[in-house]
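A.B. asks: Turn this into a model:
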Amino acid sequence: METYDLIIEELKEKTEKTVRHLRDQLASIRTGRAAPALVDTIRADYYGSPTPLNQIAHISVPEARQLLIKPFDGSPDVIKEIEKAIQKSNLGLNPMSDGKALRLNLPPLSGEQRQNLVAKVKDLVEQNRVALRNERRDANRAADSMKKDGDLTEDQCKRAHDLIDKELKALEGKLDECLKIKSKEIMED
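C.D. replies: Okay, here's the model as predicted:
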């Protein structure tokens with residue numbers, strides 16, 4: 001085991017978290033179809049505490065363009081709080097309540113809305129790409145520091161930099177794949 005393996009392992013952990021974070025961000029972006037992940041970031045006031053919807057309600061997709069949110073606690077107060085939280089969110093959806101559950105009907109996206117969503121996805125991917133570059137910079141600095149302290153030879157430091165670059169290229173490929181898949185989902189009807 002080389003001395004720089006710890007740097008590489010730490011880099012892998014951080015970069016995988018970045019990729020997971022991007023996937024979570026992309027899941028909450030609306031496409032033409034309904035998905036429970038659309039409301040994952042919404043928090044409703046549940047007895048004085050802001051709580052994620054998926055912890056206080058069952059979220060299902062009865063139809064391709066509809067979400068059904070059925071609170072575990074069917075009290076009218078909880079339904080009203082969930083309804084308020086959805087209206088405050090940036091989804092632009094109006095919940096319909098029957099007193100026991102909420103329905104969210106997703107209207108079809110216009111061409112302009114689709115283009116705006118694709119641009120938003122590109123921005124998110126670019127932000128995460130910058131985060132990956134920052135993680136690469138930190139790992140390279142750690143390798144340089146170890147070389148300066150005498151823990152790594154010149155060859156080991158170069159090998160560490162090469163492995164760091166190789167790891168980042170692979171992860172940038174994952175980001176490109178996420179962008180391609182999400183853009184395709186958005187543009188499909």
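A.B. asks: So if we follow the domain assignment, how does the chain break up?
C.D. replies: Here the domain parsing of the chain from automatic domain parsing is 5-27+110-187, 36-105.
A.B. asks: Include mean neighbour count and mean pLDDT when you put these into JSON lines, please.
C.D. replies: To be clear about C-beta, it is placed using only N, CA and C from the backbone, and glycine gets the same treatment. Output for those, formatted as JSON lines (neighbours: other C-beta atoms under 10 Å; pLDDT from 0 to 100):
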{"stretch": "domain 5-27+110-187", "mean neighbour count": "16", "mean pLDDT": "89"}
{"stretch": "domain 36-105", "mean neighbour count": "16", "mean pLDDT": "84"}
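A.B. asks: out of all of them, which helix in this protein is the longest?
C.D. replies: Identified as the longest helix of the chain according to DSSP state H is helix 111-148.
A.B. asks: Helix, strand, or coil at Asp45?
C.D. replies: Following DSSP: H, G, I helix; E, B strand; the rest coil, the label given to Asp45 is strand.
A.B. asks: can you pull the contacts of the residue nearest to it when sequence neighbours are not counted?
C.D. replies: Once flanking residues are discounted, Asp45 sits nearest to Glu81: 4.7 Å by C-beta to C-beta, 6 or more residues apart in numbering. Listed by C-beta atoms under 8 Å, 6 or more residues apart in numbering, the contact set of Glu81 reads Ala44, Asp45, Tyr46.
A.B. asks: pretty sure the last one is in contact with Asp77, am I right?
C.D. replies: Put plainly, it is Tyr46. No: counting by C-beta atoms under 8 Å, Tyr46 does not reach Asp77; the two are 9.5 Å apart.
A.B. asks: ranges for the strands of the protein?
C.D. replies: Secondary structure of the chain by DSSP state E: the strands cover 43-46, 49-52, 57-63, 66-71, 96-97, 102-105.
A.B. asks: Turn the ones you listed into TSV, including distance to Glu167.
C.D. replies: Supplementary listing: the strands of the chain in TSV, determined by distance: least, C-beta to C-beta, whole Å:
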stretch	distance to Glu167
strand 43-46	35
strand 49-52	32
strand 57-63	36
strand 66-71	38
strand 96-97	48
strand 102-105	40
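A.B. asks: Relative to Asp155, which of the ones you listed is closest?
C.D. replies: When the strands of the chain are compared for distance to Asp155 using C-beta to C-beta, the nearest one is strand 49-52, at 49.5 Å.
A.B. asks: In terms of secondary structure, what does that closest one contact?
C.D. replies: strand 43-46 (3 or more C-beta pairs under 8 Å, 6 or more residues apart in numbering; DSSP states H and E).
A.B. asks: Can you name the residues in contact with the strand it packs on?
C.D. replies: Pro50, Thr51, Pro52, Leu53, Gln55, Ile56, Val78, Glu81, Ile82, Lys84, Ala85.
A.B. asks: In helices only, show me the residues you listed.
C.D. replies: Among the contacts of strand 43-46, DSSP H puts Leu53, Gln55, Ile56, Val78, Glu81, Ile82, Lys84, Ala85 in helices.
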